[in-house]
Structures are given as C-alpha cells and as structure tokens.
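K.L.:
whatever this is, show me its structure:
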Amino acid sequence: MRAIYTNQMKQKRIHVKIRNIKIEGNLNMGQLSKTQLTEYQNNGFLILENLLDADEVKTLGDRIIQASNGELLHLPQDRFEIEKEVVEGKVKADTYGNSLSKISRLAFNDQVFDHHARNPKILDIIESILGEDIKLYQDQLFMKPPKIGSRQKYHQDQPLGFCIDPPEMMVTAWTAVDDSTQENGCLWMLKGSHKEGPRHKEESENIERAFEAGTLKNQIPLTMKAGSVSLHHGLIFHSSTVNNSNKSRRGYATHYISGKCTYKHSQRCPKQDATVMKENANKPWVKSVHCRTYNTSLMRGKTYPGCV
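P.N.:
Below you'll find the model as predicted:
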C-alpha cells in the first residue's frame, strides 16, 4: 500500500480584502505534513499528486520537445544520451527525439528548466526534508521513448553516483511530464531499502539477481499522472521498466542536496574544486560552484565554506 497526497490537500482557501478589493485564491501551505514526512522517512519515497498545474506541465513539455528536436543549441551536446540498442543498431527510431534515453544538466544551462527547479511548490517541500539551505546538484531528463525505452537496473543514487556526504542529505524530485504507468516504464521503489545505508556493488548485483529470479520483495510501482511529483531518498534502491507502449514516458528528475553537504573523495569521485565557474558569468539565473564535473546551483538559503 502507498499513500498518495494531492496538492489540494496542502492548500487552504483565502479571502482577503484590501482597499475594497477582494482577492480569492489558493494559498499553498508548502511544507510536508508530519504524516507525509513520516511516510517519506519510513518508505524512502513519497508521491505528491497534481503538484504542478496543467500550464506548468505544458511549459516543461514544450521545452523538452525543443530540446529533443535539437533546437536548444546552448545545451551541452555531450549530455544527450542515445538508447543503447539504437546505438548498437538493434532497433531503429523514427526521429532523433525518439532515440534519446537521457539529457542532463538542463537547469544549469536553460532558464525554463532552471525555473522549474526553483519552483516554490517543489522547494518548499524539499526544505521540509533538507532544511532551508538547498542546492541543485544534478538534473536528468529521462525520455523513455515508445517501444524503445529500456529498463534501468536497481541502483542507489548515493554514495557511488553522486558522492555527497552525508549521503542521506539528497532528495530527488521526479516530475512526471507524461502519465507514468507500468506499461510505459514507471519508476519502481524497493520500499524501505534506504534504511540499510550505502551498499557495495556486490549487494546491488544481488538485488538484480533477485529481481531476475522473481524473488525480490517490497517492490512498489510509482504510477503517476502528469504533473505529479515523487520524492525519493538518495539511498533508496529504485529502477524503471521498459516502455512497451506507443507513447513516451518523460520524467524530469532534479536532485537536491543540503547546502551544508560536503563532497566525499574516493577513487570514483575526484576531489572538488570550489571555484566559481566563469562560463556561467553571462547566465544571471545560475549561481554556480564548480564541483567535480558538476556545478551546484544554489536554489535557496546560503552556501558554506568547504561545502559542495
């Protein structure tokens, strides 16, 4: 079982009179409730239905179409990844956009994606988990094209993927740009797996073997309507299945960290270089710090010396 929360549950109706002008509207209460926070902490994930309105989803979707059509030349082209089977010639895509597996570093290079990452509806929720100092560490647009979109194996984002310390101070907000179903390759979460902390590669492989054998327990599919947002813990094991449908299943993941996080040095994670990126000097909407091959972008609050 999983609980689903609607945006309407987090709003209250307001009526304000100012100089004989009556203002009516919905005031978003922002923070997660104690019940929601407890569910996130216990399960390692949480779904917020209809967090974004139709206009916000359309704006994001239209920009994704422009990106996948190759119209946004300011985006780093080395961050466009093609589906493996297309590269290997095993399948053919009818368009370039339908050959794409993933695009990353969008919010760091484009105002529309940056605007989404800074959406107060999302940041208010992230603040209730990470605190008031929030940075965007990475973003990834998963295209999952029709009939081609491949399966993502079970994995943890932390610590080997992003190398943030402490590893639990990362939260991913995964926005459904299209309806996400079991047929088109929705996310799957291994409920409660974040509680066991970081795992070694061998343990991850054991989870995959259990999946292939059909013996893996506590798998939860995250079926969501477009405009809904799922939160997931940096240490939870998650995957996605193949897209067997005739439509894309696009999901935009923004990975947030606490402003007090440090960079964990290892063989896979070179030491950070905390210098201001000159390349972003002409992008006033981005306040970036160079770290590894990533820039962290301050979303809210402040940054701290020695932190990522």
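
K.L.:
out of the helices and strands in the protein, which is least certain?
P.N.:
strand 21-28 (a mean of 29; mean pLDDT, DSSP states H and E).

K.L.:
list the buried ones in the next helix or strand after that one?
P.N.:
Per DSSP states H and E, strand 21-28 leads on to helix 34-43 as the next helix or strand towards the C-terminus. The neighbour-count check on helix 34-43 (16 or more other CB atoms under 10 Å) flags 36, 39, 40, 43 as buried. For the C-beta atoms, the positions are set from N, CA and C on the backbone; glycine is no exception.

K.L.:
what's the answer for stretch 189-196, then?
P.N.:
By 16+ other CB under 10 Å, the buried positions in stretch 189-196 come out as 189, 190, 191, 192, 193, 194.

K.L.:
so what would you say the end-to-end distance of that stretch is?
P.N.:
One end of stretch 189-196 to the other measures 14 Å (CA to CA, to the nearest Å).

K.L.:
pull the residues that contact that stretch.
P.N.:
With contact meaning CB atoms under 8 Å, 6 or more residues apart in numbering, stretch 189-196 is reached by 42-45, 154, 168, 207, 216, 218-220, 222, 232-238.

K.L.:
show me where the chain has helices.
P.N.:
34-43, 54-68, 84-87, 111-117, 120-130, 201-213 (DSSP state H).

K.L.:
nearest to residue 248, out of those helices?
P.N.:
Smallest distance to residue 248 across the helices of the chain (CB to CB): 9.2 Å, for helix 54-68.

K.L.:
now for the closest one, which elements pack on it?
P.N.:
Applying 3 or more CB pairs under 8 Å, 6 or more residues apart in numbering; DSSP states H and E, we find helix 54-68 packed against strand 100-104, helix 111-117.

K.L.:
mind redoing it with 6 Å?
P.N.:
On a contact count with 3 or more CB pairs under 6 Å, 6 or more residues apart in numbering; DSSP states H and E, helix 54-68 meets no helix or strand.

K.L.:
need the CA coordinates for that helix. PDB is fine.
P.N.:
Provided in PDB are the C-alpha atoms of helix 54-68 (Å, rounded to 0.1, in the frame of the first residue of the first chain):
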ATOM      1  CA  ALA A  54      -1.600  22.000 -16.500                       C
ATOM      2  CA  ASP A  55       0.200  25.200 -17.600                       C
ATOM      3  CA  GLU A  56       3.400  24.300 -15.800                       C
ATOM      4  CA  VAL A  57       3.400  20.800 -17.300                       C
ATOM      5  CA  LYS A  58       2.800  22.200 -20.800                       C
ATOM      6  CA  THR A  59       5.700  24.700 -20.400                       C
ATOM      7  CA  LEU A  60       8.000  21.900 -19.300                       C
ATOM      8  CA  GLY A  61       6.800  19.500 -22.000                       C
ATOM      9  CA  ASP A  62       7.100  22.100 -24.800                       C
ATOM     10  CA  ARG A  63      10.700  22.900 -23.700                       C
ATOM     11  CA  ILE A  64      11.500  19.200 -23.700                       C
ATOM     12  CA  ILE A  65      10.300  18.900 -27.300                       C
ATOM     13  CA  GLN A  66      12.500  21.800 -28.300                       C
ATOM     14  CA  ALA A  67      15.500  20.200 -26.600                       C
ATOM     15  CA  SER A  68      14.900  16.700 -28.200                       C
END
